[in-house]
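[1] What follows is a predicted protein model with its sequence.
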Amino acid sequence: MKHYLAAAFLCVTQSIAAQPYDSIVGESRKLGTPDEHWFSARGSEIAYLINGDEGSVEATLTLSMFSPAIEPHLDAGRIYSYGSFYTRTFYGDRTDVVLVFDLENALPIKEIEIPPKSAGIGHSGMIGLIEERFIGVWNITPAMSVSVVDTSDDRFVGEISTPGCAGVYPVDAGFLMACGDGRIQYIRLDSVGEEVDRLRSESFFSMSDDPVFDYAVPTPEGWMFMSLEGMVYEVSVANGAVQISEPWSINPEDIEDAADLNGVPIEADDDWRIGGRQAFAYNASANLLVTLMHQGGGQETFEDPGTQVWAFSTQTRRRAYVLELDEETMGSSLELTADDEPLLLIAPADGGELLIHDALSSRLLRTVPEINASMIQRLE
């Protein structure tokens, strides 16, 4: 009997030894074609790819513990992310890489090593695709810089020093960053991904009085930034300069007998504040801005979850509706899909079901169960 067991053990051992280290046991399923209602939800070391019309998880991307976001490049059939890996999981020698996934089957196909400096926390603004070719990854050690990768040949190009400035927000051949001196910086790249020009706006916000979030959302001309007090700024690059729009407030002074776009009286709301990990979203097709809001507190509550969602028309700059969130669905992050019939996506602060609403009417359409997501991104 012992001889039979020994022979069986030897056979299994030889089979395992012959198995290539990087092979995948089992089958992989091909994804369907993502449309504008697909999105990504960031869980613990996982990015879920979700069909918003079905409320179904179509695939998962395995990330590192220090991968705050993904960067889709659907035309190239790829999804990018970045992360840090340690030889002893939580400690040891560190390696940072840009991760490359095949969109067709959501499997990793390549890693591109970058300096071990990438920001392992944050949001979608930590990584950006510039001119459909260069990946920028924001670093903090605490010195701030951006690592650039050329996706045409999957190589690390170099590191650009950006002291005091955060984020990678692509515009044309470069990217915008929010800086601690109250200005927006623009860095332009040449045809090989190296810096050739650097512009700065005039100072338009105060870090001590009313700083902007380092998180921003795309507009047709550039990016939208918001301040902790609810001021809205649109930033673009034109005529060799960084342009900052005249701001407007999501919470102006109360007007007697004022009503929202649905005719509902607007009650005094001066003690309401914007907050959350991903506190606002914008859809240009519908001219719709949504914000997570909570009641009470000062600027130190900028990451507190929202008990309401406020929706605004960016044409009239008036509030369209208020969506109440209960204790189980207090929002930590929200997103809007980019089409003209957008979905409003809400990630609850304490995990649980993702909420999918009709963004124009605020009606709850469906939920996605068993998704403990902290951040939500468009899959575009």
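    Here it is on my side, so go on.
[2] Quick check, residue 242 in contact with residue 203.
    No. With contact defined as CB atoms under 8 Å, residue 242 and residue 203 do not form a contacting pair (11.4 Å). Heads up, the C-betas are built off the backbone N, CA and C, glycines and all.
[3] and for these two, which residues touch both?
    Counting by CB atoms under 8 Å, 6 or more residues apart in numbering, the common neighbours of residue 242 and residue 203 are residue 183.
[4] Those two: which is more packed in?
    Taking neighbours as other CB atoms under 10 Å, residue 242 and residue 203 compare with residue 242 leading, 20 against 13.
[5] Now for the more buried one, which secondary structure element holds it?
    Using DSSP states H and E, residue 242 maps to strand 241-244.
[6] Which SSE is immediately downstream of that strand?
    Remark: after strand 241-244, the chain's next helix or strand is strand 248-249, criterion DSSP H and E.
[7] What lies in contact with the next helix or strand after that following strand?
    For strand 248-249, the following helix or strand on the C-terminal side (DSSP H and E) is strand 272-274. Residues from elsewhere that reach strand 272-274 (CB under 8 Å, 6+ apart): 226, 228, 230, 250-251, 280, 291-299, 301-302, 304, 308.
[8] Give the buried residues for stretch 86-102.
    Across stretch 86-102, burial judged by 16 or more other CB atoms under 10 Å covers 96-102.
[9] nope, stretch 205-213 is what I was after
    205, 211-213.
[10] Next: stretch 294-314.
    Buried residues in stretch 294-314, counted by 16+ other CB under 10 Å: 294, 302, 304-312, 314.
[11] Okay, and which of those residues map to strands?
    Judged by DSSP state E, strands contain the following of the buried residues of stretch 294-314: 294, 308-312.
[12] Tell me the one of those residues nearest residue 235?
    Checking those against residue 235 with CB to CB, the nearest one is residue 312 at 18.3 Å.
[13] That closest one reaches residue 250, doesn't it?
    Yes. Using CB under 8 Å, residue 312 makes contact with residue 250 at a distance of 6.2 Å.
[14] okay, and the common contacts of those two?
    Common contacts of residue 312 and residue 250 (CB under 8 Å, 6+ apart): 289, 291, 319.
[15] mind listing what the second one touches?
    What it means is residue 291. Contacts for residue 291 (CB under 8 Å, 6+ apart) come out as 226, 230, 250, 274, 279-280, 306, 309-310, 312.
[16] For my notes, please list these in TSV and give distance to residue 265 and pLDDT for each entry.
    Shown next, in TSV, are the contacts of residue 291 (distance: CB to CB, whole Å; pLDDT from 0 to 100):
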residue	distance to residue 265	pLDDT
226	25	96
230	20	93
250	18	91
274	22	94
279	25	95
280	24	97
306	21	92
309	18	97
310	15	95
312	17	95
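[17] ok, back up a step: quickly name whichever of the buried residues of stretch 294-314 is closest to residue 349.
    residue 305 (3.6 Å).
[18] Count the residues that sit near the closest residue to that closest one other than its chain neighbours.
    The spatial neighbour of residue 305 that comes closest, neighbours along the chain excluded (CB to CB, 6 or more residues apart in numbering), is residue 349 at 3.6 Å. If you count neighbours by other CB under 10 Å, residue 349 ends up with 23.
[19] Show me what the helix or strand where residue 319 lies is packed up against.
    Assigned by DSSP H and E, residue 319 belongs to strand 318-324. Packing partners of strand 318-324 (3 or more CB pairs under 8 Å, 6 or more residues apart in numbering; DSSP states H and E): strand 308-313.
[20] do you know how far residue 70 is from residue 285?
    23 Å (CB to CB, to the nearest Å).
[21] tell me the contacts of residue 204?
    So residue 204 contacts 182-184, 233, 244, 247 (CB under 8 Å, 6+ apart).
[22] Neighbouring strands - and their directions - for the helix or strand harbouring residue 170?
    Assigned by DSSP H and E, residue 170 belongs to strand 165-171. Next to strand 165-171 in the sheet, as set by DSSP bridges, lie strand 174-179 (antiparallel).
[23] All set, thanks.
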